[in-house]
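Colleague: One predicted model, sequence on top.
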Amino acid sequence: MRIARYAHDGEVAFGVVEGTVDSPEIAEIAGHPFGPIEFSGVRHRLADVRLLAPVLPSKVVAIGKNYAEHAVEMGGEAPEAPLIFLKPSTAVIGDGDPVAYPASSSRVDYEGELAVVIGRLCRDAPASRAADVILGYTCANDVTARDQQAADGQWSRAKGYDSFCPLGPWIATGIDVADLAVSTRLNGEVKQNGRTSQLVHKIPELIAYITACMTLLPGDVILTGTPAGVGPMQVGDEVAVEIEQIGRLRNPVVAR
Ligand code: MG
């Protein structure tokens, strides 16, 4: 199932993307997708709605250096325990929304990542229960002001600018994410090409580690880390993160 959040005629709703490739439609969900899904009976052509970020998380928990080759390109090794940091909810944007390049940085990078969307409140969740708390998966871009990441010594500002967390285009449920291709294209050119099987710390372990610290709420998002090949974007570029079985998240880069 593909669960999207969208705007139509000034109303915002969740819906399930259905229909054929040639004429995709969206079936409106009555309420929210965190629990048994009921449909309102309203349907739209997908072309007639504007997709929004698929969730509005209370927090985005991101994992640093979770692919060995990316850890090497950052000048180190993958840490023994997951390295977690937070991106503010206000950084979240959806498919097609612009990444706003701040004047305070001269080096803003893309980081294509698999994102996990949490489906139910969980605290001290064991790894064995991970499947029970996951709603689904989406594409993410952990946009980073690389110059400020180094200069600040911690990452809140570098990774926390408005628009620095594109998510979308929708949440794919019921898929096996053990070995999916994750790629990032800049203006159509492939820059990152990894597989989720290369994750150092796997998703069940991440959920156990994170929820041993903080409660995750429905709609919270975990960014699982980026493969090798990170690099800079410029104003005027288009960045696209594509994950097999999920879809493609595209965002233009504009000056803030
Ligand atoms: Mg990252």
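Modeller: Cool, the structure landed.

Colleague: Close to the ion: what parts of the chain are there?
Modeller: Taking C-beta under 5 Å from the ion as the criterion, the neighbours of the ion within the chain are Glu111, Asp142, Thr226. Where C-beta positions appear, they are placed from N, C-alpha and C, glycine not excepted.

Colleague: repeat that with 8 Å
Modeller: With the criterion set to C-beta under 8 Å from the ion, the chain comes near the ion through Ala62, Ile63, Gly64, Asn66, Glu111, Glu113, Asp142, Thr144, Lys159, Leu223, Gly225, Thr226.

Colleague: Let's verify the closest residue to the fourth one other than its chain neighbours: helix, strand, or coil?
Modeller: Right, Asn66. The shortest distance from Asn66 to any non-neighbouring residue, by C-beta to C-beta, 6 or more residues apart in numbering, is to Gly225 (2.7 Å). Gly225 carries the three-state label coil when classified by DSSP: H, G, I helix; E, B strand; the rest coil.

Colleague: What of the one 3 residues further on?
Modeller: For Ala228, the assignment made with three-state DSSP gives coil.

Colleague: coming back round to it: the residue nearest to Asn66 and Ala130, how far apart?
Modeller: Between Gly225 and Ala130 the distance, using C-beta to C-beta, to the nearest Å, works out to 16 Å.

Colleague: Looking at these two, which is more packed in?
Modeller: When neighbours are counted by other C-beta atoms under 10 Å, Gly225 comes out ahead of the other of Gly225 and Ala130, with 28 against 19.

Colleague: show me what contacts the more buried one?
Modeller: For Gly225, the residues meeting the contact criterion (C-beta atoms under 8 Å, 6 or more residues apart in numbering) are Ala62, Ile63, Gly64, Lys65, Asn66, Tyr67, His70, Glu113, Leu199, Val200.

Colleague: Run through the residues that contact the closest residue to the ion within the stretch 151-256 of the chain.
Modeller: Of all residues in the stretch 151-256 of the chain, Thr226 sits closest to the ion, with a separation of 4.4 Å (C-beta to the ion). Neighbouring residues of Thr226 by C-beta under 8 Å, 6+ apart: Asn66, Tyr67, His70, Glu111, Gly112, Glu113, Asp142, Gln192, Gly194.

Colleague: who wins for most neighbours among these?
Modeller: That'd be Glu113 among the contacts of Thr226, by other C-beta under 10 Å, with 30 neighbours.

Colleague: before we move on, what SS does that one have?
Modeller: When the structure is reduced to helix, strand and coil (three-state DSSP), Glu113 reads as strand.

Colleague: Also Pro36?
Modeller: Per three-state DSSP, the secondary structure class of Pro36 is coil.

Colleague: Number of residues surrounding it?
Modeller: Neighbours of Pro36 under the rule other C-beta under 10 Å: 6.

Colleague: For it, give me phi and psi.
Modeller: In this entry, Pro36 is assigned phi and psi values of phi -60, psi 130 (degrees, to the nearest 10).
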